[in-house]
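S.K.: sequence first, predicted coordinates after that:
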Amino acid sequence: MPTEKQRREAARRHLERQLQRRQEREARRKRVTLIASIAGTLLIIGVLIAIAVGFGGGNTPKSQAAAGSSSGTSTAPSSSAPVSSPIASPSSSPVRQATGPAVSFMGVTVKGARDLGGAPQVTSKAAKPPAKLEVKDLVVGKGKAATPSSTVTVQYVGVLYENGTKFDSSWDRGQATSFSLQQVVKGFTEGIGGASGIAPMKVGGRRIMILPASLGYGAQAQGSIPANAPLVFVVDLKKVS
């Protein structure tokens, strides 16, 4: 029969074994928790990377569209969307202003009229609205002629005929823009592609175009362009395709 001392020793060893097993279970629990935490963190990082890559890839075409890049997206006067107004997405580099003699036509004055390397400075003081599309060549191009169905690449400045307020400029966005002449307001189509009594522009040319409201946006206001507003564009034709 075990003595009291032996019973106490057996009880002590039993308690030690219980504590050891409890410590082992706690250690296993901590290891599992740590592994689960690491796995969860890695999963979240992977998801965030995937989202960042997805958004990064999707931004590129949007940026190109805003800039009127070589993808062909136009910010020119669309027949279904307003002219970008006021001037959108300006270039971070200063725009070189055209220099040289000024030319005036029907209340419109263009400074640096024949300097194709810089942005023309356009002012206007209209005596009365134009009855029809009016054009004046500041530089006559010698390249390919545009047609009303051409896709063209241009630099241009747009101002209100009444007071010369600028509402759009590809120069201020830092690059030329491309568009189909079948997808813009009628005055732009005829002023560049030609119409009855109006010769088409040729690559290398610069032209003043004064659009009556009926060949622009008519009675519908567009951004900073009021309803029934005649418009002035000074257009440089860079490419025809």
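M.R.: That came through, no problem.
S.K.: how about the helices in this protein?
M.R.: In the chain, the helices defined using DSSP state H lie at 4-67, 186-193.
S.K.: ok, of these, where does mean pLDDT dip lowest?
M.R.: The minimum mean pLDDT among these belongs to helix 4-67 (a mean of 65).
S.K.: how close does the closest residue to residue 103 other than its chain neighbours get to residue 207?
M.R.: Computed as CB to CB, 6 or more residues apart in numbering, the closest residue to residue 103 that is not its neighbour in sequence is residue 113, at 3.9 Å. Bear in mind the C-beta positions are built from the backbone N, C-alpha and C, glycine included. For residue 113, the distance to residue 207 equals 11 Å [CB to CB, to the nearest Å].
S.K.: equivalent analysis for residue 108, please.
M.R.: On the measure of CB to CB, residue 108 and residue 207 end up 12 Å apart.
S.K.: same deal with residue 145?
M.R.: Residue 145 is 13 Å from residue 207, by CB to CB.
S.K.: shared neighbours of those two, anything?
M.R.: residue 201 (CB atoms under 8 Å, 6 or more residues apart in numbering).
S.K.: neighbour count winner among those two?
M.R.: Between residue 145 and residue 207, residue 207 has the larger neighbour count (other CB atoms under 10 Å), namely 24 against 16.
S.K.: and the spatially closest residue to residue 225 that is not a sequence neighbour, how many neighbours does it have?
M.R.: Computed as CB to CB, 6+ apart, the closest residue to residue 225 that is not its neighbour in sequence is residue 167, at 5.6 Å. For residue 167, the count of nearby residues is 21 (other CB under 10 Å).
S.K.: can you map out the strands along the chain?
M.R.: Taking DSSP state E, the strands of the chain run over residues 103-105, 108-111, 121-124, 134-139, 151-160, 166-169, 177-180, 206-211, 231-240.
S.K.: and of these, who's closest to residue 48?
M.R.: Shortest distance between residue 48 and the strands of the chain, using CB to CB, is found for strand 177-180: 36.1 Å.
S.K.: list the strands paired with the closest one, with their directions.
M.R.: Sheet pairing for strand 177-180, assigned by DSSP bridges, gives strand 151-160 (antiparallel).
S.K.: quick one: average pLDDT of the strand it pairs with?
M.R.: 97.
S.K.: would you put the C-alpha positions of it in PDB?
M.R.: Provided in PDB are the C-alpha atoms of strand 151-160 (Å, rounded to 0.1, in the frame of the first residue of the first chain):
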ATOM      1  CA  THR A 151      -9.700  62.200 -90.500                       C
ATOM      2  CA  VAL A 152      -7.500  65.100 -89.700                       C
ATOM      3  CA  THR A 153      -4.900  66.100 -87.100                       C
ATOM      4  CA  VAL A 154      -5.000  69.800 -86.100                       C
ATOM      5  CA  GLN A 155      -3.900  72.400 -83.700                       C
ATOM      6  CA  TYR A 156      -6.600  75.000 -83.000                       C
ATOM      7  CA  VAL A 157      -7.800  77.800 -80.800                       C
ATOM      8  CA  GLY A 158     -11.500  78.500 -80.300                       C
ATOM      9  CA  VAL A 159     -13.000  81.800 -79.100                       C
ATOM     10  CA  LEU A 160     -16.400  83.500 -79.000                       C
END
